[in-house]
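Peer 1: Need the 3D shape of this:
(one chain, ligands or ions: 1)
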Amino acid sequence: MSEPTSHSSPIIHRVIVHFAMEAEAAGIARRFVMGAESPLHPALPARVRTQQVGAVELIHCTNGIDSQHGVDRIGLESAATTAWALLSAYKPCIYINAGTCGGFAGRGGAIGRSYLGGRAFLMHDHRVPLPGFQAQAEARIPAEHYPALERQLGIDSGPVSSGSSLDATPQELEFFEQEQVVAKDMEATAIASVTRDWGVPFLAIKTVTDLVDHPEPSHEQFLRNLASSSAHLTDLLSELIGFLGQGVSLTRLRGVETEPSADS
Ligand code: SAH
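Peer 2: As a prediction, the model looks like this:
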């Protein structure tokens, strides 16, 4: 039997939502009354919960707790290894990386404001001044566009840049200006690179906990705003998951079915 379809592409029936931190992830697990978590893979601390939400099987995953340091496994390495293991265990129709980020007041950013990753996924702290390798170090993975989703959620999109530090060097601040970055995080670009290898559509949704272009250190802003920004993220993601649960296609998310085709 063929897949149920809406408009011109199959209905999205399985969605991964991957978080780095428990504080970012707990709200969605509660909201959708998800069951007990189980280990993703024996060699990883990552935890998975699943739940059927309307038309969609929701796969909810956190990187888990680092056994040596006792904190959430944030950062590029855990993001990439968890993403690879998740993709080999569950082939989703779309992969969502949800979390918090640093924002930029100079580009309209504010605490609690959310963005979809758009234009490109970048790396801002990988410096390899060798021919060809600098471009690879900066990643610049093209972002898929979901204009219908932006409209549905009422949020903007823009470049996301990932790296391994919460603070930023003057050189990195220059990079953010040049690239017009709207969200600075520690996971999205690593996951974009893995989903690209797997050929799985990717979407990042990020809520601002701290303003990178503000004199107060990022970590102080982050700790003060983590709970409230995570609550905003939960509300937005619930709306997104509820929308997907109605049975929508990727074509519909991208909003292209309403546009006339070039050759008609
Ligand atoms: N000390 C904190 C560490 C959080 S690090 C704690 O454990 O409580 C920040 C996390 O939030 C990362 O997963 C990252 O993706 C996101 N993040 C929020 N603001 C950020 C910023 N300004 N720069 C980089 N990552 C940021």
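
Peer 1: closest point of the chain to the ligand, which residue?
Peer 2: Nearest residue of the chain to the ligand, counting by Cβ to the nearest ligand atom: G102, 2.4 Å away. Every C-beta, even on glycine, is put in place using the N, C-alpha and C of the backbone.

Peer 1: Any idea how many residues pack against that residue?
Peer 2: 27 (other Cβ atoms under 10 Å).

Peer 1: Okay, it and A55: tell me how far apart.
Peer 2: Look at G102 and A55: by Cβ to Cβ, to the nearest Å, they are 34 Å apart.

Peer 1: picking that back up, what residues are up against the residue of the chain closest to the ligand?
Peer 2: L166, A168, A183, K184, D185, V208, T209, D210, L211, V212, S218 (Cβ atoms under 8 Å, 6 or more residues apart in numbering).

Peer 1: ok, now with 6 Å
Peer 2: Taking Cβ atoms under 6 Å, 6 or more residues apart in numbering, we find G102 in contact with K184, D210, V212, S218.

Peer 1: Wasn't it part of a strand?
Peer 2: Yes: assigned with DSSP: H, G, I helix; E, B strand; the rest coil, G102 falls within a strand.

Peer 1: residue ranges with poor pLDDT in the stretch 151-264 of the chain?
Peer 2: For the stretch 151-264 of the chain, the stretches with pLDDT under 70 are 256-264.

Peer 1: Spell out the residue ranges of the helices in it.
Peer 2: 170-179, 188-198, 218-245, 250-254 (DSSP state H, counting those that start in this stretch).

Peer 1: Go through those helices and name the closest to T81.
Peer 2: Judged by Cβ to Cβ, the one of the helices of the stretch 151-264 of the chain that comes nearest to T81 is helix 188-198, at 8.9 Å.

Peer 1: which strands and helices sit next to the closest one?
Peer 2: helix 76-89, strand 94-103, strand 114-123, strand 141-142, strand 156-162, strand 202-211 (3 or more Cβ pairs under 6 Å, 6 or more residues apart in numbering; DSSP states H and E).

Peer 1: Between these, which one is closest to L130.
Peer 2: Among the helices and strands packed on helix 188-198, strand 114-123 comes nearest to L130, with 15.3 Å by Cβ to Cβ.

Peer 1: Adjacent strands (with direction) for the closest one?
Peer 2: As defined by DSSP bridges, the strand partners of strand 114-123 come to strand 141-142 (antiparallel), strand 156-162 (parallel), strand 202-211 (antiparallel).

Peer 1: Now mean neighbour count and distance to A36 too, for those strands, in TSV please.
Peer 2: Listed next are the strands paired with strand 114-123 as TSV, based on neighbours: other Cβ atoms under 10 Å; distance: least, Cβ to Cβ, whole Å:
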stretch	mean neighbour count	distance to A36
strand 141-142	15	34
strand 156-162	24	31
strand 202-211	26	25
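
Peer 1: what would those strands look like in a markdown table with distance to the ligand?
Peer 2: Compiled in a markdown table, the strands paired with strand 114-123 are given as follows (distance: least, Cβ to the nearest ligand atom, whole Å):
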| stretch | distance to the ligand |
| --- | --- |
| strand 141-142 | 16 |
| strand 156-162 | 7 |
| strand 202-211 | 5 |
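
Peer 1: For those, could you give me TSV that also reports distance to A120?
Peer 2: TSV is the format used below for these (distance: least, Cβ to Cβ, whole Å):
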stretch	distance to A120
strand 141-142	6
strand 156-162	5
strand 202-211	11
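
Peer 1: which one of the helices of the stretch 151-264 of the chain lies closest to G108?
Peer 2: Taking these one by one with Cβ to Cβ, helix 170-179 is closest: 13.8 Å.

Peer 1: Show me which residues of the closest one are buried.
Peer 2: E172, L173, F175, F176, E179 (16 or more other Cβ atoms under 10 Å).

Peer 1: nearest to G247, of the residues you listed?
Peer 2: E179 (36.3 Å).

Peer 1: Would you agree the closest one is in contact with E172?
Peer 2: No: between E179 and E172 there is no contact, the gap being 10.5 Å when judged by Cβ atoms under 6 Å.

Peer 1: Thanks again, I'm all set now.
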